[in-house]
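Chemist: All I have is the shape, not the residue letters:
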């Protein structure tokens, strides 16, 4: 048998090849983007007529507000991914974008509302806040591991950053008279403080490009690809501002538009990443469900097969053990069919009602249980509802067959005159006492599945008089 993992010729390297091709595609895209942006920057610097900056305070306010809102969305999406996976990289990423956005809002947008000029202390604080956020973002791809205190980590990080910003603002306010200018006077040298700040910003952007590109090569993280592309645009936005600083705090330059485009790219990447994280959680939940069903069903019959085989090995009479062995094998085969049907049908490869009817046919094939299935042809179920209802019915009928000692069951999926949609499972089995309904693992599983589609589950059971289970779906 050929190796699945390894360096020999028979190893399966399809995943490595896919990642390598994605990395190569990103590298070529990065090279093309850098070439285009570099050529445009050179053209911009060599022709002074192109270095046009407009005194448009209203437009600048719109651009900065939009950039801050987009940055806040990226922070929220990164925080959502951190809450799902707990990666420290996402913690720093969410904190960095949040600091950038809040600094822009607090120190660059709010002070100029109403047409007021931007105070020098607030202007420098906005720039320093963005630099602090970019330090966190640039450091994020080099951080490894997961946070143990996931619930408190993000709040602690944001609180620490806020304390640093407030302390820095108080210091700047007390020395506002000695702060260098935030603008460049035409024909005069650019203030050294402004040049240093813009140079640091460009270096941080370059570090972010290299860091996220390295993370993409190492882990194949799709978010890293978009962040690297976005910070490439950010780098050239910083270079535009460094080489042609604006003559006033109300001027709009090419760097402002590049920065907005960069944030838009990173928002796309963050959205794709959170969707991927949701898909990963769904896969993990599905694996847990399959493992649970195998443990509860197929594993028990395989254990029975093993036990009967050991009895034969120990010299037990074949005529006594043989029928039991045959019955256990038949039940194990049936359970395997149930598992295959659940995996194929519930994932959308067959219509919902057809899949459910096929499951009932498998369940009742040996004649030990009669099931009447009624599905209202007018009822409409969302895709997530179809999957969870299929699993609830499967779990419910499985419990009826294994534990209820019932001869007949009814399954109804319909709509009441009031418009309420419901799923009902009733049997004529032995039932159970009032103290037991919440104790069984099967009922807990069904409650969780009903809750996942915003439904409610209720159970009525009387010893000796059967059980009735109902799920009321969301309106």
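Modeler: Thanks, I have it. Keep in mind that this is a model prediction, so the values were computed, not measured.
Chemist: Can you pull the domain assignment for the protein?
Modeler: 17-281, 362-475 (automatic domain parsing).
Chemist: any idea how far residue 254 is from residue 235?
Modeler: 13 Å (C-beta to C-beta, to the nearest Å). For every residue, glycine as well, the C-beta is placed using N, CA and C.
Chemist: More neighbours: which of these two?
Modeler: Neighbours per residue (other C-beta atoms under 10 Å) separate residue 235 from residue 254, with residue 235 holding more: 23 against 19.
Chemist: which residues of the stretch 1-150 of the chain score low on pLDDT?
Modeler: Low-confidence segments of the stretch 1-150 of the chain (pLDDT under 70): 1-19, 49-51.
Chemist: where do the helices sit along it?
Modeler: 14-46, 57-85, 88-104, 120-139, 150-174 (DSSP state H, counting those that start in this stretch).
Chemist: between these, which gets nearest to residue 200?
Modeler: helix 120-139 (6.1 Å; C-beta to C-beta).
Chemist: which helices and strands does the closest one pack with?
Modeler: Here helix 120-139 touches helix 88-104, helix 150-174, helix 192-219, going by 3 or more C-beta pairs under 8 Å, 6 or more residues apart in numbering; DSSP states H and E.
Chemist: Report the buried residues of the second one.
Modeler: By 16 or more other C-beta atoms under 10 Å, the buried positions in helix 150-174 come out as 153-154, 157-158, 161, 165, 169, 172.
Chemist: returning to what we had before: want to throw the helices and strands packed on helix 120-139 into TSV with distance to residue 380?
Modeler: Formatted as TSV, those follow (distance: least, C-beta to C-beta, whole Å):
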stretch	distance to residue 380
helix 88-104	37
helix 150-174	38
helix 192-219	41
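Chemist: which one of those helices has the lowest average pLDDT?
Modeler: Mean pLDDT is lowest for helix 150-174 out of the helices and strands packed on helix 120-139, coming in at a mean of 84.
Chemist: on that earlier part again, which one of the helices of the stretch 1-150 of the chain has the most crowded surroundings?
Modeler: helix 88-104 (a mean of 25; mean count of other C-beta atoms under 10 Å).
Chemist: give the contact list for residue 119.
Modeler: Going by C-beta atoms under 8 Å, 6 or more residues apart in numbering, residue 119 touches 111, 176.
Chemist: Now render the buried residues of helix 150-174 as a markdown table, adding distance to residue 103.
Modeler: As requested, those are exported to a markdown table (distance: C-beta to C-beta, whole Å):
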| residue | distance to residue 103 |
| --- | --- |
| 153 | 21 |
| 154 | 17 |
| 157 | 15 |
| 158 | 12 |
| 161 | 9 |
| 165 | 6 |
| 169 | 9 |
| 172 | 12 |
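Chemist: wait, which of those is closest to residue 327?
Modeler: Nearest member of the buried residues of helix 150-174 to residue 327, counting by C-beta to C-beta, is residue 153, at 54.4 Å.
Chemist: Need the nearest residue in space to the closest one, chain neighbours excluded.
Modeler: residue 147 (4.4 Å; C-beta to C-beta, 6 or more residues apart in numbering).
Chemist: ok, that neighbour - contacts?
Modeler: Contacts of residue 147 (C-beta under 8 Å, 6+ apart): 82, 86-88, 91, 153.
Chemist: Out of the residues you listed, which two sit at the greatest distance?
Modeler: Most distant of the contacts of residue 147, by C-beta to C-beta, are 87 and 153, 10.7 Å apart.
Chemist: Tell me the spacing between the nearest residue to residue 146 once chain neighbours are set aside and residue 153.
Modeler: The shortest distance from residue 146 to any non-neighbouring residue, by C-beta to C-beta, 6+ apart, is to residue 86 (4.2 Å). Computed as C-beta to C-beta, the residue 86 to residue 153 distance reads 8 Å.
Chemist: just residue 428 next, same as before
Modeler: Residue 428 is 53 Å from residue 153, by C-beta to C-beta.
Chemist: And residue 395, by the same measure?
Modeler: With C-beta to C-beta as the criterion, residue 395 and residue 153 are 36 Å apart.
Chemist: Any idea how far stretch 89-107 is from the middle of the chain?
Modeler: Chain-centre distance of stretch 89-107: 19 Å, with C-alpha atoms, centre = their mean, to the nearest Å.
Chemist: shift numbering so it begins at 37
Modeler: Sure, I'll start counting at 37 from here, so that last one is stretch 125-143.
Chemist: thinking again about what came up before, tell me the contacts of the residue nearest to residue 182?
Modeler: Residue 122 touches 182-183, 186, counting by C-beta under 8 Å, 6+ apart.
Chemist: For stretch 500-511, buried residues please.
Modeler: 502-509.
Chemist: right, I mislabeled it, should have said stretch 174-183
Modeler: Quick answer for stretch 174-183 (16+ other C-beta under 10 Å): 174-177, 179, 183.
Chemist: Look up how far residue 213 lies from the most far-flung residue of the chain relative to its centre.
Modeler: Largest separation from the mean C-alpha position in the chain: residue 353, at 57.6 Å (C-alpha atoms, centre = their mean). Per C-beta to C-beta, residue 353 is found 104 Å from residue 213.
Chemist: where's the spatially closest residue to residue 131 that is not a sequence neighbour relative to residue 180, distance?
Modeler: Residue nearest to residue 131 in three dimensions, not counting chain neighbours: residue 193, with 4.4 Å by C-beta to C-beta, 6+ apart. Per C-beta to C-beta, residue 193 is found 17 Å from residue 180.
Chemist: Mind picking the two most distant members of the buried residues of stretch 174-183?
Modeler: Longest span within the buried residues of stretch 174-183, C-beta to C-beta: 174 and 183, 19.2 Å.
Chemist: Cheers, nothing more for now.
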